[in-house]
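S.K.: Sequence first, predicted model second:
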Amino acid sequence: MKRLAGQVRISGILAMITATSAMATSIALSPTPAEAQAAYGSYIGIGPAVGLTEGSDKGRQISGVITGRYRFLEAPISARGQIFIGNGVSLVPTISYDIPLNWQTDAYIGLGAAIPLGSGVTPVGDRAAFAIQPGIDYSLPNSNMVVYGNAVIAFDAYKDTRGTAASLQGGVGFRF
């Protein structure tokens, strides 16, 4: 009887070892799906901005733009901000939904506001306005550099004409 109990115990231990090794092998060999997180990371950049519309009889505006992006790692959402500096200064904070196109590229659509600081006209107008910001980010391979381009469409953005302002901007950024 003792011998039978010992054999059952050894058989049970061998069965547990076999089952554990089979599970470990199965886990190690099973492929896990990979998810692309395009244009991974946050960045700050600089570039030019060109107004596509004329408002307040001041003509089309050209300015410099400082751009920042903070990427939330668990969701396809980023907080973005742009500062337009030219004849006037405007801030454009947005929240964007990011769409990965490949490992280096994100397309996005942002919603926010164009907020002028002072009295000058910028490519996004001279009055606080609701803004839409479609754009694209491309991370250069093997570097911390990003090339970006976007548009800002600000509705009811001019004090005098109450017209829509539109601008295109692009530049180079450094990921952090």
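M.R.: Here it is on my side, so go on. None of the values given here were measured: they were computed from a predicted structure.
S.K.: How is this structure divided into domains?
M.R.: As recorded under automatic domain parsing, the domains making up the chain are 1-32, 43-175.
S.K.: I'd like to know which of the ones you listed has the weakest mean confidence.
M.R.: Of all these, the minimum mean pLDDT falls on domain 1-32 (a mean of 47).
S.K.: Could you double-check that residue 46 sits in contact with residue 67?
M.R.: Yes - at 7.2 Å, residue 46 counts as touching residue 67 under the criterion of C-beta atoms under 8 Å. No exception for glycine: its C-beta is placed from N, CA and C like everyone else's.
S.K.: Now list whatever residues contact both of the two.
M.R.: Taking C-beta atoms under 8 Å, 6 or more residues apart in numbering as the criterion, residue 46 and residue 67 both touch 171, 173.
S.K.: All the helices of this protein, residue numbers only.
M.R.: All helices of the chain, identified by DSSP state H, fall at 2-29.
S.K.: one step back: hey, which of the domains of the chain is tucked in deepest?
M.R.: Comparing the domains of the chain by mean neighbour count (mean count of other C-beta atoms under 10 Å), domain 43-175 ranks first with a mean of 19.
S.K.: Can you check the distance spanned by that domain, start to finish?
M.R.: Domain 43-175 has its terminal residues 4 Å apart, counting by C-alpha to C-alpha, to the nearest Å.
S.K.: Who is the residue nearest the centre of the chain paired with across the strands?
M.R.: Centroid check for the chain by C-alpha atoms, centre = their mean gives residue 78 as the closest residue, at 4.5 Å. As for beta bridges, residue 78 partners with residue 71, residue 96 under DSSP bridges.
S.K.: My guess is it contacts residue 98. True?
M.R.: Yes - using C-beta under 8 Å, residue 78 is in contact with residue 98, at 5.6 Å.
S.K.: and residue 86, what is it in contact with?
M.R.: By C-beta under 8 Å, 6+ apart, the contact list for residue 86 reads 49, 61, 62, 63, 64, 120, 122, 123.
S.K.: correct me, but the fifth one touches residue 47?
M.R.: Yes - if you go by C-beta under 8 Å, residue 64 and residue 47 touch, sitting 7.5 Å apart.
S.K.: Strands along the protein, start to end?
M.R.: Secondary structure of the chain by DSSP state E: the strands cover 43-51, 62-71, 77-85, 89-100, 105-117, 129-139, 145-154, 165-175.
S.K.: ok, residues contacting the third one?
M.R.: Spelled out, that is strand 77-85. Here strand 77-85 makes contact (C-beta under 8 Å, 6+ apart) with 42, 49, 63-72, 89-98, 108, 110, 112, 122-124, 133, 152, 167, 169.
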